[in-house]
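> sequence-free structure coming up:
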C-alpha cells in the first residue's frame with residue numbers, strides 16, 4: 001500500500017507534551033506524516049490518542065516547547081486568525097459524528113464550508129452553487145446520493161460517518177484527522193468507512209491520521225502504525241513489523257486477549 005506515498009511531508013511533530021496538572025498525558029511524541037499515507041495510532045483507552053489528535057489542530061493546547069509543523073508552519077505559534085485558516089485545511093472526523101441531526105446529509109456536508117463563508121452567508125445558509133454541486137458529487141462518491149436529502153437522524157451510524165467524511169472532504173483538506181471513526185460501528189460499516197479513508201489517502205493523496213482500537217483493522221488498512229501506551233510511543237513501523245511482543249508493549253495484553 002505504500003506505492004502512492006510521496007516524499008512531501010505534511011505533518012511533523014517534535015517533542016509534543018501535554019500535562020493536566022500533575023497528569024502527564026503525552027510524553028515527547030514525535031513522528032511525521034506524508035502525502036498519500038494512512039497512519040493508524042493504536043493503544044488502550046486512556047493512552048492519550050484523542051489528546052494527541054486534538055493537540056495537532058489545537059483543540060487542546062499542547063505544552064510549551066512542543067512543535068507541530070503542518071505544511072512547514074508551526075501550529076503552536078499561530079495567531080487565532082492564522083489558526084482558523086490552518087484548520088480549514090485540516091479535516092476532522094469524530095467518533096460520534098458531530099452532525100446536526102435535524103439537517104439533511106447534504107446540509108451537513110456543506111457545513112464544512114462555513115469557515116470560508118461570510119457570517120451573513122453562513123447564518124442564512126446561502127451556499128454557492130459550486131459548493132452545492134461539489135457536495136452532491138462527494139455524497140455520490142460515498143454512496144449516499146439517494147440519501148442526500150434525508151435528515152441525519154434518519155441515517156444509520158455508518159451512513160452518518162460517511163456524511164462526516166463528506167463534510168471533511170468539502171474543505172479541500174491537506175490532511176484528515178480521524179478520532180475513533182469506527183468505534184461505534186458494526187464490522188461491515190467499519191469496513192466501508194476504512195475503505196473510503198484508504199481510497200482518499202491513495203487516490204486524492206490526502207494523508208489520514210486515524211485513532212483506532214482495533215489492531216486487526218490497523219494492520220489491514222495502514223501504511224504505518226504508531227503504538228502508544230501511557231502517552232508514550234512504544235512502537236512505530238509497518239503493519240507487518242507489529243509483533244506479538246509489540247502488541248503486549250502497547251496494550252499490556254496479547255492479541256488473543258484483546259480480541260476476547
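That came through fine. Fair warning: this is a prediction, and the values are worked out from it, not measured in the lab.

> Tell me the bridge partners for residue 224.
residue 39 (DSSP bridges).

> right, and it touches residue 240 too?
No: using C-beta atoms under 8 Å, residue 224 is not in contact with residue 240, being 10.9 Å away. C-beta: built from backbone N, CA, C; applies to glycine.

> So which of the two has more stuff around it?
residue 224 (22 against 8; other C-beta atoms under 10 Å).

> where does the more buried one sit relative to residue 153, distance-wise?
37 Å (C-beta to C-beta, to the nearest Å).

> Identify each of the strands in the stretch 1-150 of the chain and give its residue range.
Secondary structure of the stretch 1-150 of the chain (DSSP state E, counting those that start in this stretch): strands at 9-20, 23-34, 38-42, 67-70, 73-74, 90-93.

> Those into a markdown table, with extra columns for mean pLDDT?
A markdown table is the format used below for the strands of the stretch 1-150 of the chain (pLDDT from 0 to 100):
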| stretch | mean pLDDT |
| --- | --- |
| strand 9-20 | 97 |
| strand 23-34 | 97 |
| strand 38-42 | 98 |
| strand 67-70 | 98 |
| strand 73-74 | 96 |
| strand 90-93 | 96 |
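
> Turn the ones you listed into CSV, including distance to residue 213 and mean neighbour count.
As requested, the strands of the stretch 1-150 of the chain are exported to CSV (distance: least, C-beta to C-beta, whole Å; neighbours: other C-beta atoms under 10 Å):
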stretch, distance to residue 213, mean neighbour count
strand 9-20, 20, 18
strand 23-34, 18, 17
strand 38-42, 7, 25
strand 67-70, 24, 19
strand 73-74, 31, 13
strand 90-93, 15, 23
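
> now those in CSV, with distance to residue 131?
CSV is the format used below for these (distance: least, C-beta to C-beta, whole Å):
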stretch, distance to residue 131
strand 9-20, 24
strand 23-34, 27
strand 38-42, 27
strand 67-70, 24
strand 73-74, 26
strand 90-93, 15
